[in-house]
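Asker: Here is my input, please return the structure:
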Amino acid sequence: MATQKLLSDDEVRRHPQAWAVFEDIRATRQSDFINNFWRALANDPPQLQRVWEQLKQVMMTEGELSPLVRELIYIAVSTANGCSYCIHSHTAAARAKGMTDGQHAELLAVIGMAAQTNALVTALQVPVDAAFQVGAA
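Answerer: Residues are numbered from 1 along each chain as shown. Just a heads-up that it's a prediction; the model follows:
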């Protein structure tokens, strides 16, 4: 159960700043669907606008990482952080950007391997090798 009310379109229309963000989400994504994350954030229009603008900048602009790679990273971080909503949302986005079942399986294997070795290194308190330090020869 949400800790904030998920605002309907009718409720969001009463807040011009939030409504403008919803309209931008629809236009940018070329879809009428506004997911529950944005509906929860609409309770605080300035935060809604700030987060949407940041998300567009990080996830939707041209860059060195492909849109699919960005979604895969988002899934991995969401898994590490235990965010079920984001895992589901970004898995759907990755599939829409072409992620195959095989790529998803490999991603999950990498996430699992990283979680295991991270836990071992943390438990063992292994010091970082000098060769891995920035500026190492």
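Asker: If you count contacts, what does the longest helix seen in the chain end up packed against?
Answerer: Counting by DSSP state H, the longest helix found in the chain is helix 101-124. In this structure, helix 101-124 makes packing contacts with helix 67-81, helix 84-96, judged by 3 or more C-beta pairs under 8 Å, 6 or more residues apart in numbering; DSSP states H and E. C-beta: built from backbone N, CA, C; applies to glycine.
Asker: if we compare those helices, which one ends up closest to residue 5?
Answerer: helix 84-96 (16.2 Å; C-beta to C-beta).
Asker: elements contacting that closest one?
Answerer: helix 36-41, helix 67-81, helix 101-124.
Asker: Format the ones you listed as CSV; extra columns: mean neighbour count.
Answerer: CSV is the format used below for the helices and strands packed on helix 84-96 (neighbours: other C-beta atoms under 10 Å):
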stretch, mean neighbour count
helix 36-41, 18
helix 67-81, 18
helix 101-124, 11
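Asker: where's residue 129 relative to residue 72, distance?
Answerer: From residue 129 across to residue 72, the span is 27 Å (C-beta to C-beta, to the nearest Å).
Asker: Fine by me, thanks again.
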